[in-house]
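Visitor: Based on what follows, work out the 3D shape:
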Amino acid sequence: VQPVESGGGLVQAGGSLRVSCRVSGIITSVFNPKTCAWYRQAPGKQRELVATITRLSNTNYADSVKGRFTITRDNAVKKVYLQMNSLKPEDTAVYYCNTDTGDVSWGQGTQVTVPS
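Guide: Numbers count the residues shown, from 1 in each chain. You can find the predicted model right below:
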């Protein structure tokens, strides 16, 4: 069982997008008490950590997205969100969710494309 990411798409530079991650089944018991995270992987690059959120909603962000991205979680509906504003071409990547220590199998991700 894997997280299911959705909400990606093509957006012009300066635009906004919200991606979602749905957690279900057995991995819910792993996610709920843990710090959740969004990662991204651009073509030809390694996967990088973008943002984290603890169970109590304390957040941290990579310097490259600080002030533009917001991570939230809704434990009741078992979802994690990433609101992305002021998007740049360098934000183009496949976005994935997992715990901050990568405890579960990786999902398919959701593609975000910001043309230059």
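Visitor: switch to C-alpha atoms for all contacts and neighbour counts from now on
Guide: Noted.
Visitor: Now do the same for the most centrally placed residue in the chain: helix, strand or coil?
Guide: Centrality entry for the chain: nearest residue to the mean C-alpha point is residue 38, 2.9 Å, by CA atoms, centre = their mean. Secondary structure state of residue 38, per DSSP: H, G, I helix; E, B strand; the rest coil, is strand.
Visitor: For the closest residue to it other than its chain neighbours, give me its contacts.
Guide: Among residues not flanking residue 38 along the chain, residue 97 sits closest, at 4.5 Å (CA to CA, 6 or more residues apart in numbering). With contact set as CA atoms under 8 Å, 6 or more residues apart in numbering, residue 97 has these partners: 3, 5, 21, 36-39, 80, 106-107, 109.
Visitor: Just the buried ones among those residues, please.
Guide: 3, 5, 21, 36-39, 80, 107, 109 (16 or more other CA atoms under 10 Å).
Visitor: Setting aside sequence neighbours, what's the nearest residue to residue 83?
Guide: Nearest non-adjacent residue to residue 83 (CA to CA, 6+ apart): residue 18, at 4.4 Å.
Visitor: Quick one: distance of the worst-scoring helix or strand of the chain on mean pLDDT to the chain centre.
Guide: Taking mean pLDDT, DSSP states H and E as the measure, the chain has helix 28-31 as its least confident helix or strand, at a mean of 79. With CA atoms, centre = their mean, to the nearest Å as the basis, helix 28-31 stands 16 Å off its chain's centre.
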